[in-house]
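Undergrad: Here is the input, now give the coordinates:
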Amino acid sequence: MIKQIGLAAIGECMLELSASQNDAWRMGIAGDTLNTLWALRALLPDARCDYVTAFGDDHFSQRQKAFLDENGIGTASSPVIPGARPGLYAITLDGVERSFTYWRSDSAARQLASSPAALEKSLSGLRLAYVSGITLAILDEPARRTLIDALGKARDGGTVIAFDPNYRARLWTSRDYAQQEISAALAVSDIVLPTFPDEQELFGDTTPEATMQRIAGAGVAEIVVKNGTEDALILFDGKVGTSPASRAEGAVDTTGAGDAFNGGYLAARMKGTEAPAAARHAHNTAAAVVCVRGALAPFDLLRTAFGGGAATSVA
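TA: Down below sits the predicted model:
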């Protein structure tokens, strides 16, 4: 049984607007690394889970903190930045496929590394710390160095560092700069969970195998290359394998599917499941998320799907 294992995700907790019928909009709270931590919280209920970010001192920031607390997610030593506020995004759907519009230029989370001591304290003594390329992209260069240094120190202390490069071109000043900074994060990572189309866009990889070989060449020993509804490619214990995607009955919204995959995979690995079986659990978890609108599925749905239960629409 998992008892008080410390887990943390680092990134940007955002306000999420998702459309429903008759041009009504529902406000939620989400963000790529938070979506992954949400799945970890659902699947490892005895673990201590923290979201490491920075908050504003406005009404919506207070609502974010209350939402996390209500769902058993702490905030470690995340700073509160006077006058700052959360970022916001809206989801627009074309069938089940989604596109996003963002308002995040003055997001409080951009200052999550404003106190190096607080950041190191938040990452101290953890079993697992999870970060993404979006987290890297929202920070300025000094803050990004602070974060990568803190991850390296945590890793030296025994924390497993998991990283999804999650490349979003609009967040970076150039492709070359993104390559440089994401490669720096690979150097302090133990588990890397890339998505092949992102890696193809950023690095020009021609196949998932090329993505795996490049990341393995950076010294990463455990890699899962996601590829939408195609098989995932896995490197674990020096062996390469594949894991077929799960099919979701009644998919309504693909938002957060890759994030949920990461949460399902990491939860299974924290339970001691070997990588090929962990990837099957991860596919099941992702299949559950596409059956709800927005990025966060109910905990019970995630738990049922993770164990192999059928995912059905609850939209």
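Undergrad: what's the pLDDT at residue 308?
TA: Predicted confidence (pLDDT) for residue 308: 67.
Undergrad: Same check on the one 3 residues further on?
TA: If you check residue 311, the pLDDT there is 41.
Undergrad: again with the one 4 residues further on
TA: Reading off the per-residue confidence, residue 315 sits at a pLDDT of 32.
Undergrad: if I look at the nearest residue in space to residue 198 that is not next to it in sequence, how far off is residue 222?
TA: Nearest non-adjacent residue to residue 198, counting by C-beta to C-beta, 6 or more residues apart in numbering: residue 167, 4.3 Å away. C-betas here are computed from N, CA, C, even on glycine. According to C-beta to C-beta, to the nearest Å, residue 167 and residue 222 sit 20 Å apart.
Undergrad: and if you look at residue 242?
TA: For residue 242 relative to residue 222 (C-beta to C-beta), the value is 15 Å.
Undergrad: okay, those two: which has more neighbours?
TA: residue 222 (21 against 14; other C-beta atoms under 10 Å).
Undergrad: wouldn't the more buried one be in contact with residue 236 here?
TA: Yes. In this structure residue 222 lies within contact range of residue 236 using C-beta atoms under 8 Å: 5.4 Å.
Undergrad: Between those two, which contacts overlap?
TA: Residues touching both residue 222 and residue 236 (C-beta atoms under 8 Å, 6 or more residues apart in numbering) are residue 275.
Undergrad: buried ones in stretch 227-237?
TA: By neighbour count on 16 or more other C-beta atoms under 10 Å, the buried set for stretch 227-237 is 227, 231-236.
Undergrad: How about residues contacting that stretch?
TA: Against stretch 227-237 from outside (C-beta under 8 Å, 6+ apart): 195-197, 208-209, 211-212, 216, 221-226, 240-245, 261, 274-276, 279, 282-283.
Undergrad: got the contact list for the closest residue to residue 205 other than its chain neighbours?
TA: In space, and not counting its chain neighbours, residue 205 is closest to residue 211: 4.4 Å by C-beta to C-beta, 6+ apart. By C-beta under 8 Å, 6+ apart, the contact set of residue 211 is 194, 196, 199-200, 203, 205, 225, 233.
Undergrad: ditto for residue 274
TA: 236-237.
Undergrad: Could you measure from it over to residue 193?
TA: 16 Å.
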